[in-house]
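Engineer: Provided below are the primary sequence and the corresponding predicted coordinates.
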Amino acid sequence: MSEEFESQTSESTPELSPVERLLESWRDLTADQKLSAFRGLSPDDSEDFYLLLDAREHAALYLDMNRAERRLWLRFLAPDDAADMIQELPDDVRPEALQMIDEKVRREIMALLSYREDEAGGLMNPRFVRVRPDMLVAEAIRYVRQQAIAVEPIHYVYVLDSQQVLLGVMSLRQLFVSPAERRISEVMETDLVTIPDEMDQEQVSRIFQQHRFVALPVLDSHRKMQGIVTVDDILDVSQEEATEDIQKLGGQEALDAPYPEVPLWEMVRKRGGWLLVLFIGEMFTASAMHQFEDEIAKAVVLTIFIPLIISSGGNSGSQASTLIIRSLALRELRLSDWWKVIGREAMVGASLGLLLAVVGAMRIALWPTRTEHFGEHWGLLSLTVGISLMGVVLFGCMVGATLPFVLRSLKLDPASASAPFVATLVDVTGLVIYFSVAKLLLTGTML
């Protein structure tokens, strides 16, 4: 019976292709093993596999290849992918790589390298299908077929004048269903959505999300078309930007490479700076406690609830900052919404504070041995904890909601208002609120 089950299982599980098998084990291989395994693929499989690798892996393979292989695989890449790979190479290797490329393609790559990596110009593909406005539709179709040999992918046909200024655009479907005798200028779309070549990649991503196009044209300051950005490029950008924000929310600098590939010292540097800032911030917590050492000495029972107070404030602040940072990143909120958000968080903070205050006060009031544990004035202690929780949670929500707006108004990344940073800030003020309430309510009884 077990043999029959194993037989059925093996038959139902499709066998992985050589490309899929190598892709699964790729990260676990050494540099020499990667090159050997890559060379062991068939020509078709090696082409498919190579296109699945990112620019960092392209560069790593390039450095291990011989000169003939370098020339072959560098020329195999599209100009935008080749430019990305060359950017990953050491500075002293880049000139050699550029010399291996044909003059025409080299000019395209040099133009791409003149842009920053996170600009639209650095993302674009300089190859696209273009036609003239005075062409007949039938003539344009023949011309598109000729260009299809060198241009991939083809989503739209762009209409340019003799100065390479963008005049209009047509989808392939629109081109093929238009009457053959009509001029392109008569059937093209002139209501254009375009991208400036120096636009930040995060803004480019938002334009794609807003308009849902497969590709968008990139123009320079003179409206001359430089290339296209396609949606697959933007998927990579969206993942990169989301990863960067998540890492910053964890209280560290964003990593420049996948986690397993980051050198040890680089990891320490990226995480140590923020950790040191947070540590220094927590030192103020000790200073705050020092200011109330007389109260603590008279009523040691107050220290029992310190973790409860500061963690509640830090958690509420972290919740608020995370929500606001993400909403700002998705453009669900603008700077002008600041007052509305503050008002909303004030109500939310008061409600959450009241909820925790009731639970915290009941923790003392309903404890069977409350007199033995908390003293004869447990009722006032219960009220102190409850009021403090309300104040700390409300303050945490307000700080967590305000800080991202402040950073955005200063042209800084709101993700820098990370949850650990907000929690550290609220810890200090939480102690001040707690002991101030205790001093007000318990003086003359426990203090």
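Structural biologist: Nice, thanks for sending it over. Numbers count the residues shown, from 1 in each chain.

Engineer: what are the ranges of the helices in the stretch 101-250 of the chain?
Structural biologist: 103-113, 120-123, 137-147, 172-177, 184-187, 201-211, 231-249 (DSSP state H, counting those that start in this stretch).

Engineer: now the strands for the stretch 151-300 of the chain?
Structural biologist: Assigned by DSSP state E, counting those that start in this stretch, the strands in the stretch 151-300 of the chain fall at 156-160, 166-171, 195-196, 215-219, 225-230.

Engineer: possible to save the ones you listed as CSV with mean pLDDT, mean neighbour count and distance to Leu113?
Structural biologist: C-beta: built from backbone N, CA, C; applies to glycine. Formatted as CSV, those follow (pLDDT from 0 to 100; neighbours: other C-beta atoms under 10 Å; distance: least, C-beta to C-beta, whole Å):
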stretch, mean pLDDT, mean neighbour count, distance to Leu113
strand 156-160, 94, 21, 23
strand 166-171, 94, 19, 23
strand 195-196, 94, 20, 18
strand 215-219, 93, 23, 15
strand 225-230, 92, 24, 13
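
Engineer: quick one on the thing from earlier: most packed of the helices of the stretch 101-250 of the chain?
Structural biologist: helix 120-123 (a mean of 24; mean count of other C-beta atoms under 10 Å).

Engineer: what packs against that helix?
Structural biologist: For helix 120-123, the elements it packs on are helix 201-211, strand 225-230, helix 231-249, judged by 3 or more C-beta pairs under 8 Å, 6 or more residues apart in numbering; DSSP states H and E.

Engineer: Throw those into JSON lines and include distance to Val19, thanks.
Structural biologist: Below are the helices and strands packed on helix 120-123 laid out as JSON lines (distance: least, C-beta to C-beta, whole Å):
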{"stretch": "helix 201-211", "distance to Val19": "29"}
{"stretch": "strand 225-230", "distance to Val19": "23"}
{"stretch": "helix 231-249", "distance to Val19": "18"}
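
Engineer: Leu255: which of the ones you listed is closest?
Structural biologist: Each of these has some distance to Leu255 by C-beta to C-beta; the shortest is helix 231-249, at 6.0 Å.

Engineer: tell me what that closest one is packed against?
Structural biologist: By 3+ C-beta pairs under 8 Å, 6+ apart, helix 231-249 packs against helix 120-123, helix 201-211, helix 306-329.

Engineer: if we look at stretch 211-227, which residues are touching it?
Structural biologist: Here stretch 211-227 makes contact (C-beta atoms under 8 Å, 6 or more residues apart in numbering) with 80, 111, 120-121, 124-128, 130, 153, 155-156, 158, 160, 163-166, 169, 192-197, 204, 207-208, 228-231.

Engineer: as a whole number, average confidence for the strand or helix carrying Leu355?
Structural biologist: Here Leu355 sits within helix 338-365, counting by DSSP states H and E. Mean pLDDT, computed over helix 338-365, is 90.

Engineer: for it, packing partners?
Structural biologist: Identification of packing neighbours for helix 338-365 by 3+ C-beta pairs under 8 Å, 6+ apart yields helix 306-329, helix 378-409.

Engineer: buried stuff in the next helix or strand after the last one?
Structural biologist: Spelled out, it's helix 378-409. As assigned by DSSP H and E, the chain's next helix or strand after helix 378-409 is helix 419-442. For helix 419-442, a neighbour-count test (16 or more other C-beta atoms under 10 Å) marks 419-435, 437-438, 441-442 as buried.

Engineer: ok, now stretch 402-417?
Structural biologist: For stretch 402-417, by 16+ other C-beta under 10 Å, it's Thr402, Leu403, Pro404, Phe405, Leu407, Arg408, Asp413, Pro414, Ala415, Ser416, Ala417.

Engineer: nearest to Phe49, of the strands of the stretch 151-300 of the chain?
Structural biologist: Taking the strands of the stretch 151-300 of the chain one by one with C-beta to C-beta, strand 225-230 is closest: 21.2 Å.

Engineer: got the contact list for the residue lying closest to Leu192 once chain neighbours are set aside?
Structural biologist: Of all residues not flanking Leu192 in the chain, Val169 sits nearest, at 6.2 Å (C-beta to C-beta, 6 or more residues apart in numbering). Each residue near Val169 by C-beta under 8 Å, 6+ apart is listed here: Tyr156, Val157, Tyr158, Val159, Met188, Glu189, Leu192, Pro217.

Engineer: I figured the fourth one hits Arg132, correct?
Structural biologist: This points to Val159. Yes. Val159 lies in contact with Arg132 (C-beta atoms under 8 Å); the separation is 7.2 Å.

Engineer: can you list residues touching both of those two?
Structural biologist: Common neighbours of Val159 and Arg132, counting by C-beta under 8 Å, 6+ apart, are Ile184.

Engineer: Is it possible to get JSON lines of the strands of the stretch 151-300 of the chain that adds distance to Val341?
Structural biologist: Below are those laid out as JSON lines (distance: least, C-beta to C-beta, whole Å):
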{"stretch": "strand 156-160", "distance to Val341": "40"}
{"stretch": "strand 166-171", "distance to Val341": "39"}
{"stretch": "strand 195-196", "distance to Val341": "30"}
{"stretch": "strand 215-219", "distance to Val341": "32"}
{"stretch": "strand 225-230", "distance to Val341": "33"}
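
Engineer: What's opposite the residue nearest to Leu192 in the beta bridge?
Structural biologist: For Val169, the beta-bridge partners are Tyr158, Glu189 (DSSP bridges).

Engineer: State the distance from it to Thr443.
Structural biologist: 76 Å (C-beta to C-beta, to the nearest Å).

Engineer: what do you get for Ile228?
Structural biologist: Taken as C-beta to C-beta, the span from Ile228 to Thr443 is 72 Å.

Engineer: what do you get for Ile306?
Structural biologist: Ile306 sits 19 Å away from Thr443, going by C-beta to C-beta.

Engineer: re the thing from before, any idea which of the contacts of Val169 is closest to Leu22?
Structural biologist: Nearest to Leu22 among the contacts of Val169, counting by C-beta to C-beta, is Tyr156 at 34.8 Å.

Engineer: For that closest one, list the residues it contacts.
Structural biologist: Phe128, Val129, Val169, Met170, Ser171, Leu172, Val214, Ala215, Ile228.
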